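> got a sequence here, can you build the structure:
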Amino acid sequence: MADLKAFEREVEAFFKPLFPGEDKILVFGDGQHDAPPLMLIGEAPGEQETIKRRPFVGKAGKNLDEFLELMQMKREDIFVSNVVKIRPTAVGSTGRIKNRAPSREEIELFTPYLMKEIELVKPRALVTLGNVPLRALMGKSTIGDMHGKWHTACNGLPLFALYHPAAVIYRRELKQVYEQDVCILRDSLTIQTRK
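Purely as a prediction, here's the structure:
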């Protein structure tokens, strides 16, 4: 745990000066930080995650709960994080601040820190949630081609690609595919992590 706290201080020291005058809150990973069976990686925190300073607690967090139920796991058994540790925002047509997808620059800035976080946590396998983490760990891959299968991440770890839980909220037709993929992950996890 001390290593992760030092890591968080290092990330804060690097990123805070990049956003002068802005209150950019960093949201770090959460959960079992000592060689968990899985590390789930999303793209970036949203509004609720920034308020609570914990990944996957908003609407996508409810889908994460469904994922854990299908996996027959508890949140405290795994480690959950994001590629980008700040909430990417834009001003909507009504003038309200809304979430947006992370920019290429944000992803490139944060990816080395994600790699270091993975190294510190030492998960037995990675699960990417959506395109952003998949591309950060696999290159130019897209979730439509890669979901529901095991791959090898750029750091050599087994990687299983899933649609982002938020995608299921906005595209209900993905729910069955997502659930099937999670069942494949559950049924094959032990075999993959023994290799």
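> lowest confidence element among the helices and strands of this structure?
The helix or strand with the lowest mean pLDDT-type score in the chain, counting by mean pLDDT, DSSP states H and E, is helix 165-170 (a mean of 78).
> any idea of the mean pLDDT in the next helix or strand after it?
Using DSSP states H and E, the helix or strand that follows helix 165-170 in sequence is helix 174-194. Over the span of helix 174-194, the pLDDT mean works out to 88.
> excluding its backbone neighbours, what's nearest residue 29?
If the residues on either side of it in the chain are set aside, residue 29 comes closest to residue 81, at 3.2 Å by CB to CB, 6 or more residues apart in numbering. C-beta here means a position set from N, CA and C on the backbone, and glycine is covered the same way.
> do a quick rundown of the helices in this structure.
Listed from the start of the chain, the chain has helices (DSSP state H) covering 2-15, 47-52, 59-71, 104-121, 131-138, 143-146, 165-170, 174-194.
> looking at these, which is nearest to residue 155?
In this view, the helices of the chain are compared for proximity to residue 155 by CB to CB, and helix 104-121 is the closest at 6.4 Å.
> buried sites along the closest one?
Buried residues in helix 104-121, counted by 16 or more other CB atoms under 10 Å: 106, 107, 109, 110, 111, 113, 114, 117, 118, 120, 121.
> residue contacts, the second one?
So the one you mean is residue 107. With CB atoms under 8 Å, 6 or more residues apart in numbering as the criterion, the residues that contact residue 107 are 83, 84, 132, 135, 136.
> which pLDDT does the model give the fourth one?
Taken from the predicted model, the pLDDT recorded for residue 135 is 93.
> who's in contact with it?
Listed by CB under 8 Å, 6+ apart, the contact partners of residue 135 are 107, 141, 142.
> distance from the centroid: which residue in the protein tops it?
In the chain, residue 94 marks the outermost C-alpha relative to the chain mean, sitting 29.0 Å out by CA atoms, centre = their mean.
> can you list the weak-confidence ranges in the protein?
Residues of the chain that meet the criterion pLDDT under 70 lie in 1, 193-195.
> at 80 instead, please
By pLDDT under 80, the low-scoring segments of the chain are 1-2, 20-23, 58-61, 63, 140-141, 165-166, 168-169, 191-195.
> residue 54: neighbouring residues, count only.
Residue 54 is surrounded by 18 other residues when neighbours are defined as other CB atoms under 10 Å.
> do residue 140 as well
If you count neighbours by other CB under 10 Å, residue 140 ends up with 6.
> ok, residue 26 next?
Burial of residue 26 is recorded as 19 neighbouring residues (other CB under 10 Å).
> what's the farthest-apart pair in the contacts of residue 107?
In the contacts of residue 107, the most distant members under the criterion CB to CB are 84 and 135, with 12.1 Å between them.
> what is the burial count for the residue nearest to residue 29?
If you count neighbours by other CB under 10 Å, residue 81 ends up with 23.
> now do residue 82
27.
> and residue 9, by the same measure?
The burial count for residue 9: 10, using other CB under 10 Å.
> good, we can wrap up now.
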